[in-house]
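Colleague: show me how the following folds:
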Amino acid sequence: MDLQKKRHRICTTTTSVLSIIFLTLFLPPPASSRVYLDITAANLHKVPIAVPYFVDKQDLNTVKTGGKKMANLLSKSLAFHGFLKVIPPTQYGGTQSVDCELLGADFIIKGSYEKIDKDIGLELRLIDASRDYMILGRRYRGSVSKQKQMIMKFCDETVLKLTGEKGISLSRIAFVSNVTGYKEIYVSDVLGENVSQITKHGHLAVSPRFSPDGNKLAYTSYHRNNPNLYVTDLLQKEKTMLVSKKKGLNMAPAWSPDGKTLAITLSKDGNPDLYLMDTQGNIKQRLTKKAGINVSPSWSPDGKYLAFVSDRSGSPQIYIMNIRTKAVRRLTYKGSYNTTPSWSPKDGWIAYSGTSEGNYHIFTIRPDGGEPIQLTKTPGDHESPSWSPDGRQIAFSRKINSSQKICTIFRNGRGMSTLFNLKGNQSFPQWSPRLSL
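Modeller: Numbering: from 1, shown residues only. Have a look, this model is predicted:
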């Protein structure tokens, strides 16, 4: 990357406090440079960065397993964002005295750690290698169980420093897996680690949806012989509430941006129609009435509109409803089967799954219409898109033959990859908002 093209802005660095760990600014100069990399550029080349093994302050000359693991975790988190190329430590021995110019690294992150009573202390520095100048420094202290969160926090702050927007390491993915023999709901971090099984009903569960704060998960489960709506408090895993058990479908809940309302498909009167419901299961409003099958609602970020699927025109297509006026207009016209819309939290795009040449693929389209953009072109069926909280990536399920996995792709259609490899098949991905520590 041509370093002369980097844009620098001067800002005052402030001190922030985490609610569960103590965080202080790591001895910054009075002002620090903020580097904004244009990661939306069509000709973007990944920025090389070195993350040497972290060192133990009590034994600086010995590379320890813990220091390797922490550096590797930070490297994986940085690489996940797609615009950084982490230079493997094996190329330079993982030492922090690496010659960045010789290595070709634009940036380097140096980390150290120490045991403090029962806690661990971390010191992390992001350094502009061209000037040997620290542009971000943080000191963290917390329990060993919070070590991973500290590292992910620094990753997200590094992304903020380099791009102007915080990273998404501290977000999660909910999905459906059949690893137990039944399709149940699970939640994982974005690296496919810390997988937690949410439902243990021994029956079909589908359509997980995060609340706007990421602390609750709504889903539909068939374990009482009816597709009922449940909400689980993820902060108190034993606390699950049955929200709606009306006869027929209680399907595909979508939280409003303020977290007070759910858009849901009910078939209590026979036809699958859209309703607004509060979080206690009380119907507030009926949105559609017997105009075909109406499913898969997705809110606009401002809460004024709903994208949804209806077959009122003869085939499943994406429509948009004005919540205040109930006016509906058709959005998609290209393709005979378009479904599962997902409204981006940024830039206003809507992702959906549609048929093309005999397979389902991921498309994006503007809410005011126009020509859709096909993002996926690989073999298999690509379904159930869900945007990352920064609007840069889309998670979806990809099925080839009998294998189904969660994949991601960048909004420009590049960098498709399998998000994580877990046992069984995974489907219905749902990306959480950024989580606070």
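Colleague: contacting residues for the residue lying closest to residue 292 once chain neighbours are set aside?
Modeller: Excluding its sequence neighbours, the residue lying closest to residue 292 (Cβ to Cβ, 6 or more residues apart in numbering) is residue 312, at 3.4 Å. Any C-beta I mention is one placed from the backbone N, CA and C, and that applies to glycine too. Residue 312 is in contact with 291, 292, 294, 319, counting by Cβ atoms under 8 Å, 6 or more residues apart in numbering.
Colleague: which among those end up buried?
Modeller: Buried by 16 or more other Cβ atoms under 10 Å: 292, 294, 319, out of the contacts of residue 312.
Colleague: helices or strands up against the helix or strand harbouring residue 185?
Modeller: Using DSSP states H and E, residue 185 falls within strand 184-189. Strand 184-189 sits against strand 172-177, strand 196-197, strand 205-210, strand 216-221, with contacts defined as 3 or more Cβ pairs under 8 Å, 6 or more residues apart in numbering; DSSP states H and E.
Colleague: swap the cut-off to 7 Å and go again
Modeller: Packing contacts for strand 184-189, counted by 3 or more Cβ pairs under 7 Å, 6 or more residues apart in numbering; DSSP states H and E, involve strand 172-177, strand 196-197, strand 205-210.
Colleague: that one pairs with which strands?
Modeller: strand 172-177 (antiparallel), strand 196-197 (antiparallel) (DSSP bridges).
Colleague: which one of these is the most hemmed in?
Modeller: Comparing the strands paired with strand 184-189 by mean neighbour count (mean count of other Cβ atoms under 10 Å), strand 172-177 comes out on top with a mean of 25.
Colleague: and the pLDDT for residue 4?
Modeller: Listed pLDDT for residue 4 reads 39.
Colleague: likewise residue 193?
Modeller: Reading off the model, residue 193 has pLDDT 85.
Colleague: what's near enough to touch it?
Modeller: Listed by Cβ atoms under 7 Å, 6 or more residues apart in numbering, residue 193 has no contact partners.
Colleague: you'd agree residue 150 is in a strand?
Modeller: No: counting by DSSP: H, G, I helix; E, B strand; the rest coil, one finds residue 150 to be helix, located in no strand.
Colleague: what is the burial count for the nearest residue to it once chain neighbours are set aside?
Modeller: Nearest residue to residue 150, sequence neighbours excluded (Cβ to Cβ, 6+ apart): residue 140, at 4.2 Å. Neighbours of residue 140 under the rule other Cβ atoms under 10 Å: 24.
Colleague: how close does residue 140 get to residue 100?
Modeller: From residue 140 across to residue 100, the span is 24 Å (Cβ to Cβ, to the nearest Å).
Colleague: can you pull out the low-pLDDT segments for the chain?
Modeller: Residue ranges of the chain with pLDDT under 70: 1-44, 437.
Colleague: of all the strands paired with strand 184-189, which one is nearest residue 389?
Modeller: Nearest to residue 389, of all the strands paired with strand 184-189, is strand 172-177, at 10.2 Å by Cβ to Cβ.
Colleague: run the angle between that closest one and strand 216-221 for me.
Modeller: Using axes from the mean of the first three to the mean of the last three Cα atoms, to 10 degrees, the inter-axis angle of strand 172-177 relative to strand 216-221 is 10 degrees.
Colleague: quick one: contacts of strand 172-177?
Modeller: 183-190, 205-206, 208, 210, 217, 395, 406, 419, 422, 424-432, 435.
Colleague: what of stretch 273-291?
Modeller: 231, 243-244, 260-266, 271, 294, 297, 308, 310, 312, 321, 326.
Colleague: kindly report the same for stretch 380-391.
Modeller: Outside of stretch 380-391, the residues within contact range by Cβ under 7 Å, 6+ apart are 165, 168, 171, 340, 342, 344-347, 351-353, 359-362, 376, 394-400, 411, 427-431, 433-434.
Colleague: now do stretch 240-255
Modeller: 207, 209, 211-212, 218, 220, 226-232, 262-268, 272, 277, 279, 281, 295-299.
Colleague: buried subset of these?
Modeller: Judged by 16+ other Cβ under 10 Å, buried ones among the contacts of stretch 240-255: 207, 209, 211-212, 218, 220, 227-232, 262-267, 272, 277, 279, 281, 295-299.
Colleague: any chance you could map the strands in the stretch 301-437 of the chain?
Modeller: 305-310, 317-322, 328-330, 338-343, 350-356, 359-365, 373-374, 381-387, 393-400, 403-410, 417-418, 426-431 (DSSP state E, counting those that start in this stretch).
Colleague: cool, the stretch 101-250 of the chain as well?
Modeller: With DSSP E, counting those that start in this stretch as the criterion, the stretch 101-250 of the chain has strands at 107-116, 119-128, 133-143, 172-177, 184-189, 196-197, 205-210, 216-221, 228-233, 240-244, 250-255.
Colleague: quick check: angle from the fourth one to strand 426-431?
Modeller: What it means is strand 172-177. Strand 172-177 and strand 426-431 are oriented at 160 degrees to each other (the same axes, to 10 degrees).
Colleague: wait, what's in contact with the nearest residue to residue 214 once chain neighbours are set aside?
Modeller: What sits nearest to residue 214 in space, not counting adjacent residues and going by Cβ to Cβ, 6+ apart, is residue 432, at 4.4 Å. For residue 432, the residues meeting the contact criterion (Cβ under 7 Å, 6+ apart) are 171, 172, 174, 210, 214.
Colleague: which of these sits closest to residue 84?
Modeller: Among the contacts of residue 432, and counting by Cβ to Cβ, the member closest to residue 84 is residue 171, at 17.4 Å.
Colleague: the closest one and residue 192, how far apart?
Modeller: Distance from residue 171 to residue 192, by Cβ to Cβ: 13 Å.
Colleague: between those two, which one's more packed in?
Modeller: Set side by side, residue 171 and residue 192 show more neighbours around residue 171, with 20 against 16, by other Cβ under 10 Å.
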